[in-house]
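K.L.:
got a sequence here, can you model it:
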Amino acid sequence: MGNSFKIKKLTKLKKIVDCRRKAGETIVFTNGCFDLIHRGHIELLQKARRLGDLLIVGLNSDSSVRRLKGPARPLQTAADRASILAALEAVDYVVIFSEDTPANLIRQLKPDILVKGADYLPEKIVGARQVKKTVRVPLVANRSTSGLIRKIVQAYGK
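P.N.:
The predicted structure follows:
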C-alpha cells in the first residue's frame, strides 16, 4: 500500500481538515462503496477534486456495503478499495466508515462542499443540510458497478 499515508482514521483526518481549513482551503467530500472502480467513479472524483483544495472520500466498510448492497458484496475488501482510491491523483484522503450513511463523518469533518452522483435526489443526499454547497455530478452513461458485475457474470458464468 504505497499510498497508505492517504488512508486516515477520522480523529487524525479531523486535525488535518481543521489545519487546512484555517489555511483558507476549501474541503470537498464524497462517499461511496467504490467496489469496482470504473470510469464513472473516476470522472466523479476528478470533478469533485476540481471544486476545492482537498478531496476526502468516505468509504463504506465491508459490513456497511453488505447491509446496503447484499451478502454478495463487497467484491473487494475495504483495505483493497481504500488502497485503490488512495492511488488516484484526484483523491487526497480516504476514511473508512462503518455506518450505513456518512452523516457522522460529515458532521465531524464539516466539509464545505458535498459531491454525489446526479442519481441522488437533492432531498435524499445525506449531509446536504450540514454543508455550504452540494454538487450533483452527472453520471457517465452505462457505467456502473452492478453493470460491470452483470457483464462479468454473462461472460464467465456463475
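K.L.:
helices of the protein, start to end?
P.N.:
10-22, 39-50, 62-69, 78-86, 103-109, 145-156 (DSSP state H).
K.L.:
out of those helices, which is closest to Leu139?
P.N.:
Of all those, helix 39-50 sits nearest to Leu139, with 5.9 Å by Cβ to Cβ. C-beta: built from backbone N, CA, C; applies to glycine.
K.L.:
what count of nearby residues applies to Arg50?
P.N.:
Close neighbours of Arg50, defined as other Cβ atoms under 10 Å, add up to 10.
K.L.:
what do you get for Val153?
P.N.:
For Val153, using other Cβ under 10 Å, the count is 10.
K.L.:
where does it land on pLDDT?
P.N.:
Note on Val153: pLDDT of 83.
K.L.:
how near is it to Pro111?
P.N.:
Val153 sits at a distance of 36 Å from Pro111 (criterion: Cβ to Cβ, to the nearest Å).
K.L.:
next: Leu55.
P.N.:
From Leu55 over to Pro111 (counting by Cβ to Cβ), the distance is 9 Å.
K.L.:
what sits in contact with each of the two?
P.N.:
Val28, Phe29 (Cβ atoms under 8 Å, 6 or more residues apart in numbering).
K.L.:
got the angle between the helix-or-strand element of the chain with minimal mean pLDDT and helix 39-50?
P.N.:
Lowest mean confidence among the helices and strands of the chain (mean pLDDT, DSSP states H and E): helix 145-156, at a mean of 83. Angle of helix 145-156 versus helix 39-50, following axes from the mean of the first three to the mean of the last three Cα atoms, to 10 degrees, is 150 degrees.
K.L.:
the inter-axis angle of helix 145-156 versus helix 62-69?
P.N.:
Using the same axes, to 10 degrees: helix 145-156 against helix 62-69 is 90 degrees.
K.L.:
helices or strands next to helix 145-156 in the packing?
P.N.:
The contact analysis (3 or more Cβ pairs under 8 Å, 6 or more residues apart in numbering; DSSP states H and E) places helix 145-156 against no helix or strand.
K.L.:
only the buried residues of it, if you could.
P.N.:
For helix 145-156, burial by neighbour count (16 or more other Cβ atoms under 10 Å) applies to Thr145, Leu148.
K.L.:
list the contacts of it.
P.N.:
Cys33, Asp35, Leu36, His38, Leu75.
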